[in-house]
Structures are given as structure tokens and as C-alpha cells.
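>>> no sequence for this one, just the structure:
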């Protein structure tokens with residue numbers, strides 16, 4: 001899958017959710033996921049598996065994707081990201097992850113401009129291979 005996200009810079013101590021504090025240096029992006037084993041597929045025991053840092057810790061973890069170099073985010077701006085994941089062709093139990101990213105000066109304008117504005121801000125990229133289980 002591939003997804004794009006804009007993480008707006010917020011004033012120190014302001015707002016929650018997916019935001020980055022303004023005036024700070026960002027050196028990584030952290031990913032986590034939720035998987036729902038619903039009653040449709042797991043009738044006896046439906047459950048949601050989450051790796052959220054706000055949830056109880058499990059053997060699953062968040063993924064930390066370091067940037068090539070720290071970036072300074074200013075108030076009103078943000079970090080535009082495109083994350084792609086696919087099963088590795090070389091290793092069956094691994095994921096190939098690509099992160100494209102860039103600083104935007106006006107997060108509100110980028111958000112209003114949609115995917116085209118985010119895509120235009122992406123000027124750095126890093127790639128990773130993550131093992132998802134033992135071989």
C-alpha cells in the first residue's frame with residue numbers, strides 16, 4: 001500500500017493528534033498500526049491488535065524510520081510524507097518500506113491542495129527492509 005499524510009506543525013503544547021511541535025528538529029517518523037480480527041473472520045474471539053504507543057505494550061512494536069538529516073519545522077508549516085509498504089521479493093517474511101518526505105511552509109495550503117501539494121513537497125527519500133517474524 002501507499003499512503004500520504006501531512007503532519008502539521010503546532011504551537012508548543014497545542015493540539016493533539018497527528019501534529020508535530022513547531023520550532024523543533026524532526027529526525028524520524030514513527031509508524032504504528034491497528035489490525036481488526038472482527039466477528040466476521042474470528043467469530044469466537046473478535047479482537048483488535050494495535051501497536052499504538054498509547055495502548056498496552058505487546059510483542060509487536062512501532063517502526064522508527066530515521067530521516068537522512070534532521071529537519072526544522074516552523075509554526076504554520078509541516079512535514080509531508082508518503083509511505084509505501086510491500087512484501088519483500090527477496091525475503092518472504094520481510095516488508096520493503098519507502099518513506100518520501102519534505103518540509104512544507106504552509107500546512108493549511110498544502111492540506112487544501114490535497115495530494116498534488118503534498119507530492120510537490122516530497123524531496124527526500126529513505127528505504128528500509130523490516131523483518132516481520134523469524135525465518
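On my side now, so go ahead. Bear in mind that the values here come from a model prediction, so they are computed numbers and not experimental data.

>>> Residue 116 should be in a strand, yeah?
No. Residue 116 sits outside any strand when classified using DSSP: H, G, I helix; E, B strand; the rest coil, being helix.

>>> That one: neighbour count?
8 (other CB atoms under 10 Å). Placement of C-beta: from N, CA and C, glycine included.

>>> How many residues are close by the closest residue to residue 80 other than its chain neighbours?
Spatial nearest neighbour of residue 80, chain neighbours left out: residue 121 (4.0 Å); criterion: CB to CB, 6 or more residues apart in numbering. Each residue near residue 121 was counted by other CB under 10 Å, and the total is 22.

>>> Quick check: residue 121 touching residue 106?
No. Taking CB atoms under 8 Å as the definition, residue 121 is not a contact partner of residue 106, at 10.2 Å.

>>> related to what we said a few turns ago, which residues are in contact with the residue nearest to residue 80?
The contact partners of residue 121, by CB atoms under 8 Å, 6 or more residues apart in numbering, come to 80, 102-104, 110.

>>> could you redo the last one with a cut-off of 6 Å?
Going by CB atoms under 6 Å, 6 or more residues apart in numbering, residue 121 touches 80, 102, 104.

>>> try residue 129
Neighbours of residue 129 in contact, by CB under 6 Å, 6+ apart: 88, 94, 96.

>>> The same query, at a cut-off of 10 Å, please.
If you count contacts by CB atoms under 10 Å, 6 or more residues apart in numbering, residue 129 has them with 88, 90-91, 94-97.

>>> Check the gap between the residue nearest to residue 80 and residue 102 for me.
Computed as CB to CB, to the nearest Å, the residue 121 to residue 102 distance reads 4 Å.

>>> what residues are shared contacts of the two?
With CB under 10 Å, 6+ apart as the test, residue 121 and residue 102 both reach 78-82.
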